[in-house]
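[1] Pasting the sequence and the predicted model now:
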Amino acid sequence: MQETAEQYRQRMFVLVDGKDPVKLQSAAPARLAKLLKGVSPARARKRPSPDKWSIAEIVVHLADTEVVFGYLIRGIVGEPGTRIDGFDQDAWLAALHYDKRDIRKSFAEYRAFRQANVALLKSLTPEQ
């Protein structure tokens, strides 16, 4: 059964658990780098099962979702009332060839996009 938007939202609030979300986002790239340290390219590409994503595919997904988040937050702030659309992550996985993308380049993209998005979030006023 697929998770609803409300279920996802509640799951995210539980993970944040009263912590500053911007600080958590700032710390995430270093935390991920530590988790990836020593993971061989072969291991990163291996799926634990046919229906589960590989480590490399997850890192590509993180980079792509950071691009989406950046676009969404800019729309929300720059054009209040902007519609927030989701995307089909499994369609992106296949169409954007996540299985062939370089994990190191994808991680560098993720880190750069995350830094840009965190800088934007820190620049916003409380009202925004």
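    Received the coordinates, thanks.

[2] Just the CA atoms of stretch 58-73, as PDB, please.
    Output of stretch 58-73 as PDB, limited to C-alpha atoms (Å, rounded to 0.1, in the frame of the first residue of the first chain):
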ATOM      1  CA  ILE A  58      19.200   6.500  -3.700                       C
ATOM      2  CA  VAL A  59      22.000   9.100  -3.900                       C
ATOM      3  CA  VAL A  60      20.900  10.100  -7.500                       C
ATOM      4  CA  HIS A  61      17.400  10.400  -6.100                       C
ATOM      5  CA  LEU A  62      18.600  12.700  -3.300                       C
ATOM      6  CA  ALA A  63      20.300  15.000  -5.800                       C
ATOM      7  CA  ASP A  64      17.100  15.100  -8.000                       C
ATOM      8  CA  THR A  65      14.800  15.700  -5.100                       C
ATOM      9  CA  GLU A  66      17.000  18.500  -3.900                       C
ATOM     10  CA  VAL A  67      16.500  20.200  -7.300                       C
ATOM     11  CA  VAL A  68      12.800  19.700  -7.000                       C
ATOM     12  CA  PHE A  69      12.800  21.100  -3.400                       C
ATOM     13  CA  GLY A  70      14.700  24.100  -4.600                       C
ATOM     14  CA  TYR A  71      12.200  24.800  -7.300                       C
ATOM     15  CA  LEU A  72       9.200  24.300  -5.000                       C
ATOM     16  CA  ILE A  73      10.500  26.500  -2.200                       C
END
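
[3] dump the residue contacts of residue 114.
    When contacts are counted by Cβ atoms under 8 Å, 6 or more residues apart in numbering, residue 114 touches 25, 28-29, 66. All C-beta atoms are positioned from the backbone trio N, CA, C, and that covers glycine.

[4] looking at this structure, which helix or strand is least sure?
    helix 5-16 (a mean of 89; mean pLDDT, DSSP states H and E).

[5] Not counting it itself, show me its contacts.
    Helix 5-16 is contacted from outside by 3, 24, 86, using Cβ under 8 Å, 6+ apart.

[6] tell me which element the second one falls in.
    This points to residue 24. helix 21-36 (DSSP states H and E).
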